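**Student:** For reference, the sequence and a predicted model appear below.
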Amino acid sequence: MALRVYNTMSARKEDFSPVEPGKVRLYVCGITAYDYCHIGHARANIVFDVISRYFGWLGYDVNYVRNFTDIDDKIINRANELGVDSRELAEKFMLAFEEDMQALNCDTPTFQPKATENVSQIIELIQGLIGKGLAYESGGDVYYAVTEFSEYLKLSKRNMDEMIAGARIAPGEQKKNPMDFALWKAAKPGEPQWESPWGPGRPGWHIECSAMSMRYLGESIDIHGGGKDLIFPHHENEIAQSEGATGKPFARYWMHNGFVNVDQEKMSKSLGNFFTVREILEKYDPEVLRFFVLSVHYRSPIDFSEKNLEDARHGLIRFYEALKAIEELPAPDLGTGKVAVPISGDDEKAWEPAAKALENFRGAMNDDINTALALGNLFEAVRAVNRVIAEKKVEENTEWLKRLKTIHGQMLEAGGVLGLFQSPAEAWLNRMKISGLEEAGLSAEKIEAFIEERKNARQAKDFARADAIRDELAEKGIILLDSPQGTTWKKK
RNA sequence: GGCCCCGUCGCCAAGUGGUAAGGCAGAGGUCUGCAAAACCUCCAUCACCCGUUCGAAUCGGGUCGGGGCCUCCA
């Protein structure tokens, strides 16, 4: 089955076919560096990280470009509010962004160009647009004349007349048409500025993406991505700029991720339900957040809540428990007394979700990067693994041992594409165990002491005392696990 | 007002014509001193109505309900 992706331009899933065979040119709009990134940014970047990784896994040579907007009104305004230099402010938040991305296990893109390092390319592009009659200078500003680009609004599918009726012109702007947008803004006192044919100024927001995309990926690219909110005006304007300048199709596929809601409400600063990645990671393991994001299809809205994060955490634990169980098994070619017992027909059927794990993974991902389905398929493999380990004497059967080790590798391989399951299972589970213990007034040592006391009570057949200890720990969220090898514990 | 999306088990969430994945929670069972964990089994006909079709959660029309974009925004 071929890879299909949903294209916002056509509003349907299309077979993926790159401009250049074997290569993928991917451009994703990055952040404007004026604040810490929030869970919406986290989602967008996790989603496109997975998309990039998946193409790589399929064997494509991926050129992934994600820009930094490091010169913009918002940055200047914020810097003025704080009384700091706008360049320093941008630097600070770009650095913070990279730290957050690293925490979320997002690969570094092939290129991360900055707007301020591409000003000459931007100026050149604007000159080209002016030369073609698609842009005009006005009072030191340069605007794009949207009525000159006949395909304007083809991505967002809006109506020009109605857009004009609702458009607003900011004070000081001298546009021919209210819908025209700025390519270049004349410098105001104290702002960062560059020399240009139209006098000192700085780039408008949209032009940088056209310029950097062209510089790093060429005139026609395969995929342009970003959040749904960027469809209009940002991406619409990019199309006008790029296709207006080159006369060639800009991007073959437009992919947009859905929003993040918080407790069923739109996340916004005014509602006070705005979470930065840093705040979330104080409380949750980054992999849990990543797992949560990928448990929903990228185009659907996702609801961020304590309950949903908790569910995600339990789900991830289930994966790591299964991986750990396999890791604790002996290698198939060591030891004595092992035999290769043939697998029965019924067992083969039960094992199928594991046997076809990678095939199913690919099938789900090929259908518009359906990570939710892919995880569902992997859960079925987990169930097959658990079943076999619980029911079969796998330690004595080289055939089962081989199969379990194989599926372990495949789960890590699929996990590698999703950016999940890459921690050593036991270490990760231990980290989960001890996180949050202090708040409950506990420590690993204290729990071990309780376990020892309970063991003695049990040996003395003082089950009342033994159960009391267990109940007490259970109230603090600690579950005791008895086994022939002794008692271990885990967090609820 | 314009454009667009959604409504699937208690919660989360896949599924866009062929008879409802998965996770969490729940019930019963195996195991256990009793539990827990693990495993097994069970647990929905898809907001509503009318159509198209041999066949629809999936297509068309309508009703009700929820949400987004149209201004900076992932």
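**Tutor:** Received it, and whenever you're ready, just let me know what you need.
**Student:** drop to CA atoms for contacts and neighbour counts, all remaining ones
**Tutor:** Will do.
**Student:** what about the helices in the stretch 101-250 of chain A?
**Tutor:** A:119-131, A:160-166, A:207-217, A:236-246 (DSSP state H, counting those that start in this stretch).
**Student:** now the stretch 351-492 of chain A
**Tutor:** Under DSSP H, counting those that start in this stretch, the stretch 351-492 of chain A gives helices at A:357-366, A:371-391, A:398-418, A:425-434, A:444-459, A:463-475.
**Student:** would a markdown table of these with mean neighbour count, mean pLDDT and distance to residue A:227 be doable?
**Tutor:** What follows is the helices of the stretch 351-492 of chain A, written out as a markdown table (neighbours: other CA atoms under 10 Å; pLDDT from 0 to 100; distance: least, CA to CA, whole Å):
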| stretch | mean neighbour count | mean pLDDT | distance to residue A:227 |
| --- | --- | --- | --- |
| helix A:357-366 | 20 | 93 | 20 |
| helix A:371-391 | 19 | 91 | 17 |
| helix A:398-418 | 19 | 93 | 19 |
| helix A:425-434 | 15 | 85 | 31 |
| helix A:444-459 | 15 | 90 | 43 |
| helix A:463-475 | 15 | 88 | 42 |
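**Student:** Among those, which comes closest to residue A:98?
**Tutor:** For the helices of the stretch 351-492 of chain A, the distance to residue A:98 is smallest for helix A:398-418, at 18.9 Å, taking CA to CA.
**Student:** Can you tell me what sits against that closest one?
**Tutor:** A:50, A:53-54, A:57, A:294, A:323, A:326-327, A:329-333, A:338-342, A:354-355, A:357-358, A:361, A:371, A:378, A:385, A:394-395, A:420-422 (CA atoms under 8 Å, 6 or more residues apart in numbering).
**Student:** Can you tell me which of those residues are buried?
**Tutor:** Among the contacts of helix A:398-418, the ones that count as buried by 16 or more other CA atoms under 10 Å are A:50, A:53-54, A:57, A:294, A:323, A:326-327, A:330, A:332, A:338, A:354-355, A:357-358, A:361, A:371, A:378, A:385, A:394-395, A:420-422.
**Student:** just checking: which of those residues also lie near RNA strand B?
**Tutor:** Applying CA under 7 Å from any atom of the strand to these, one finds that nothing falls near RNA strand B.
**Student:** contacting residues for residue A:434?
**Tutor:** Residue A:434 touches A:443-444, counting by CA under 8 Å, 6+ apart.
**Student:** what's the distance between it and residue A:308?
**Tutor:** Taking CA to CA, to the nearest Å as the measure, residue A:434 falls 21 Å from residue A:308.
**Student:** Repeat that for residue A:268.
**Tutor:** Residue A:268 is 19 Å from residue A:308, by CA to CA.
**Student:** quick one, which of these two is more surrounded?
**Tutor:** residue A:308 (15 against 12; other CA atoms under 10 Å).
**Student:** Let me see the contact set for the residue found closest to the more buried one once you drop the neighbours it is linked to in the chain.
**Tutor:** Distances taken as CA to CA, 6 or more residues apart in numbering put residue A:292 closest to residue A:308, at 7.6 Å, once the chain neighbours are dropped. Counting by CA under 8 Å, 6+ apart, residue A:292 makes contact with A:308-309, A:312-313.
**Student:** next one: residue A:8
**Tutor:** So residue A:8 contacts A:155, A:253-256 (CA under 8 Å, 6+ apart).
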